[in-house]
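[1] Please work out how this folds:
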Amino acid sequence: WDAYIEDAMMGYGVQPASPVVQGLAYYNPDLDTFYSNDMAMAEQHFRDAWGGQLWDTGFTMILAYNAGNDTRKVACQILADNVNSLHPQFHVTAAPQEWSSYGTQMYSGILPCFQVGWIPDFFDAHNFIYTWMHEGGYWAYFQNYNNPTATALVEEGIASTDPARRQAIYDELAQIYYDDCPGLLLVQPTGNRYFKDWVQGFYFNPGNA
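    Prediction:
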């Protein structure tokens, strides 16, 4: 993550600990649900997969991204290089997809791993949590992610009028996302804006980033 944010994002990004990112209601800066680049643990998971069969036979897989998006290309290449370094029979490739067919492939469920993003429709934790974690959420659906506990918590969160209870729910969902790992939360882009000193009253709306 550090190398990707520094090199591909030129330092303009942060690693999220939850689908509830900075700028949203119920964002919690104290969460510790971050993944790290632990190659020893990665190897152990691959050795354990399918009762050890995967380690014996290896596999071939693509990491899809939309062609022309260089930051996503770099992210896929980093992940592919790391996985391939674990075993000579691991063959992971960063594979650009034309945007005209990218969506169709995602919707059809034929891409084993793909990189996408999300910009808020409205500024509440529910817009991100539902999208990524509810069984009917846009990206959860295309990832075949369906955790009944998560779905129930998402529905309870949006129905609750108690801010403390909503905070507890979204923090619990952050832990569930970390444990289930339906996807890797890669980066929340940041950036700078520069103005003449006479510009006054500007308010940045992160939804228009």
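
[2] low-scoring pLDDT stretches of the chain, where are they?
    Counting by pLDDT under 70, the chain has low-confidence residues at 206-209.

[3] What ranges does it have for its strands?
    Remark: strands assigned in the chain by DSSP state E are 13-14, 59-66, 90-97, 188-189.

[4] Now the spatially most central residue of the chain. Nearest residue, chain neighbours left out?
    With distances taken as CA atoms, centre = their mean, the residue of the chain nearest its centroid is L185 (2.7 Å). Computed as CB to CB, 6 or more residues apart in numbering, the closest residue to L185 that is not its neighbour in sequence is P16, at 4.4 Å. For the C-beta atoms, the positions are set from N, CA and C on the backbone; glycine is no exception.

[5] Against V187, how distant is the one you found?
    7 Å (CB to CB, to the nearest Å).

[6] All the helices of the protein, in order from the start?
    In the chain, the helices defined using DSSP state H lie at 2-3, 39-48, 53-57, 70-84, 99-108, 125-133, 138-142, 148-159, 163-180.

[7] and N28, which of those helices is closest to it?
    helix 163-180 (5.7 Å; CB to CB).

[8] which other helices and strands contact the closest one?
    The helices and strands touching helix 163-180, judged by 3 or more CB pairs under 8 Å, 6 or more residues apart in numbering; DSSP states H and E, are helix 125-133, helix 148-159.

[9] Kindly state which of these is positioned closest to W1.
    Comparing these by CB to CB, helix 125-133 comes nearest, at 18.2 Å.

[10] what angle do the closest one and helix 148-159 make?
    Counting by axes from the mean of the first three to the mean of the last three CA atoms, to 10 degrees, helix 125-133 lies at 160 degrees to helix 148-159.

[11] Run through the neighbouring helices and strands of helix 125-133.
    helix 138-142, helix 148-159, helix 163-180.

[12] Okay, buried residues for the longest one please.
    Neighbour counts over helix 163-180 (16 or more other CB atoms under 10 Å) mark R166, Q167, I169, Y170, D171, L173, A174, I176, Y177, Y178 as buried.

[13] residues contacting the fourth one?
    I take that to be Y170. S18, V20, Y26, N28, A125, I129, G157 (CB atoms under 8 Å, 6 or more residues apart in numbering).

[14] wait, isn't the last one in contact with I129?
    Yes. Contact between G157 and I129 holds when scored by CB atoms under 8 Å: they sit 6.7 Å apart.

[15] okay, and the common contacts of the two?
    Contacts common to G157 and I129, judged by CB under 8 Å, 6+ apart, are Y170, L173.
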